[in-house]
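> Need a 3D model of the sequence below.
(one chain, ligands or ions: 1)
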Amino acid sequence: MSTPNEIESLERLLKKLPEEDQAEAFRILYGNLPEPIPLTEAAASLADEFDFDVAAYRFHAKAEQRREPRVVRVGVIQTQIVEPTDAPVETQYEALRARTEQLIHAAGAMGTNVLGLQEAWTMPFAFCTREKEPWLEFAEPVDGPSTRFLATLARRYNMVIVSPILERDERHGGTIHNTAVVIGNRGNIIGIHRKNHIPRVGDFNESTYYMEGNTGHPVFATEFGKVGVNICYGRHHPLNWLMFGLNGAEIVFNPSATVGALSEPLWGIEARCAAIANNYFTAAINRIGTESFPNEFTSGDGKAAHHDFGHFYGSSYVTAPDGSRTPGLSRTRDGLLVSEIDLNHCRQVRDVWGFQMTQRLEEYGELISKAAAPDFEPQVIVDPGVDISTGRGATPPSSGRALHHASPRALGSAPAQQITYVGEEEGSRKE
Ligand SMILES: NC(=O)NCCC(=O)O
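Residues are numbered from 1 along each chain as shown. This is a model prediction of the structure:
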């Protein structure tokens, strides 16, 4: 698949800065950059032989006196599809399975303990087409072929694998879900998480295929830390991230499929903000390449029908609980990113910032419950000098006097208050 007009990575652009400016630019944009760690010979030679990138970094955490470090290696893999989308389903699936396997061997060779794959890694991201067939043929049960394949590798490399697939739930009428299967390092299925938020934006017509997930915000307590999975579009919902934090997540994967025209300026921000706000590690994974489909489709925007989804820009990256992040993987090449982290880092940053102590869950909970009720009245305090039907000042002050006091009243309920201006006695104002 060619990507002739795509830049290789943001980092490559930043490296064009004068050398003396680069360290400061990276510090401001990326935080305390994790240090690169050497690739094992086996990983490097797999990357060479099968033409993909491998990058590896170590995030710094403090040594503690009363807890041993809990060092784990987190891996993420990004790939493009291998076969054209009009090839037989089995051919497409097999090619992706084989390609992903090459990168998993490299992850194993790098000593990865917890590995995340991209959203719907077994298939092209065909939801732009709104066609059911043949795409639904990629769906499989939680214990289907992709899980059985990955379970073997999980056992072999003593590695937890987060495997996002298109799930068919035969027990419930063959319904379809966008699901991450969490496979334990003993080859067991620890559990599943189904995508909570389904996009209805641009060509992401996923509501044609499946409904919002019904598995809550589970955190999977693995041998290598507590893992959550916030699937793709869920990353735009800060409360979705919060829920995994409340359940104790230490690493939250964000397996995604997203294109540059829609989301690229948001990409480096959202998973990173979530790591900062919740003081856990986040691993954002995006596929790469431009996927072209046999039948034309429109984007519902008046523009001409087309065959392409647009460029999936990769740029997978990992953020630590203090907001420092790795450089992204390439925008155009398959790759594996491995980050060595100390899970103790989460509590260390929590102790510094105190977000979990200072947050006001009860207050938020109360307002959220009210806001979800049909009779919700937003808490708005109206400036009595403002006509709320137009948003304009109803009685502009004649001089530059500042509004001094306005009694709170609920929107549209209490009568307007007497306006008092700074520098005037109440009641002394001459109209
Ligand atoms: N796969 C998916 O949810 N994509 C939606 C687009 C986005 O969130 O950037």
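> hang on, isn't G191 packed against I183?
No. Judged on CB atoms under 8 Å, G191 makes no contact with I183 at a distance of 9.8 Å. For every residue, glycine as well, the C-beta is placed using N, CA and C.
> Check which helices and strands the longest helix belonging to the chain is in contact with.
Longest helix in the chain by number of residues (criterion: DSSP state H): helix 89-109. Packing partners of helix 89-109 (3 or more CB pairs under 8 Å, 6 or more residues apart in numbering; DSSP states H and E): helix 41-50, strand 71-78, helix 145-157, strand 335-342.
> ok, and the closest non-adjacent residue to L39?
Leaving aside its chain neighbours, L39 sits nearest to V54 (5.5 Å; criterion: CB to CB, 6 or more residues apart in numbering).
> Could you give the number of residues near that neighbour?
22 (other CB atoms under 10 Å).
> looking at this, it is in a strand?
Yes. Counting by DSSP: H, G, I helix; E, B strand; the rest coil, V54 is part of a strand.
> G228 is nearest to which of the helices and strands packed on helix 89-109?
Nearest to G228 among these is strand 71-78 (12.8 Å), distances taken as CB to CB.
> hmm, who's touching the closest one?
Residues outside strand 71-78 that contact it (CB atoms under 8 Å, 6 or more residues apart in numbering): 100, 103-104, 107, 110-118, 121, 224-225, 251, 253, 281, 283-288, 314, 316, 318, 329, 334-343.
> Check stretch 25-32 too.
Stretch 25-32 has contacts (CB under 8 Å, 6+ apart) with 14, 17, 33, 60, 320, 322-327.
> Return the subset of these lying in helices.
Within the contacts of stretch 25-32, residues falling in helices by DSSP H are L14.
> Please indicate which of the contacts of stretch 25-32 has the highest neighbour count?
Result: A320 is most packed of the contacts of stretch 25-32 (other CB under 10 Å), 28 neighbours.
> Now that one: closest residue in space that isn't a chain neighbour?
A320's closest residue in space is F59 (CB to CB, 6+ apart), at 4.7 Å.
> Let me see the confidence value for H345.
On the pLDDT scale, H345 is placed at 98.
> And for the one 5 residues further on?
With respect to pLDDT, R350 scores 98.
> follow-up on the earlier one: between G191 and I183, point out the one with more neighbours.
The neighbour count for G191 versus I183, taken as other CB under 10 Å, is higher for I183 (29 against 18).
> Contacts only, for that one.
Applying CB under 8 Å, 6+ apart to I183 gives the contacts 147, 150-151, 154, 160-163, 189-190.
> Switch these over to CSV; also include neighbour count.
Formatted as CSV, these follow (neighbours: other CB atoms under 10 Å):
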residue, neighbour count
T147, 21
L150, 25
A151, 21
A154, 23
V160, 26
I161, 25
V162, 27
S163, 26
I189, 14
I190, 17
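> Which of the residues you listed sits closest to I388?
Nearest to I388 among the contacts of I183: V162, at 48.7 Å, using CB to CB.
> Surely that closest one is in a strand?
Yes. The assignment for V162 is a strand, going by three-state DSSP.
> neighbours around G184, how many?
19.
> so it sits right up against V160, yeah?
Yes. With contact defined as CB under 8 Å, G184 counts as touching V160 (6.0 Å).
> Only alpha carbons, please: show stretch 210-224 as CSV.
Output in CSV follows, covering the C-alpha atoms of stretch 210-224 (Å, rounded to 0.1, in the frame of the first residue of the first chain):
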residue,chain,number,x,y,z
TYR,A,210,-23.3,-2.7,16.6
MET,A,211,-24.7,-1.0,19.7
GLU,A,212,-23.1,0.6,22.6
GLY,A,213,-21.3,-1.9,24.8
ASN,A,214,-22.9,-3.5,27.9
THR,A,215,-19.8,-4.5,29.8
GLY,A,216,-19.2,-1.3,31.9
HIS,A,217,-15.7,-0.2,32.6
PRO,A,218,-13.9,-3.4,33.8
VAL,A,219,-10.3,-3.4,34.9
PHE,A,220,-8.5,-6.7,34.4
ALA,A,221,-6.2,-7.6,37.2
THR,A,222,-3.4,-9.3,35.3
GLU,A,223,0.0,-10.6,36.6
PHE,A,224,1.5,-7.4,35.0
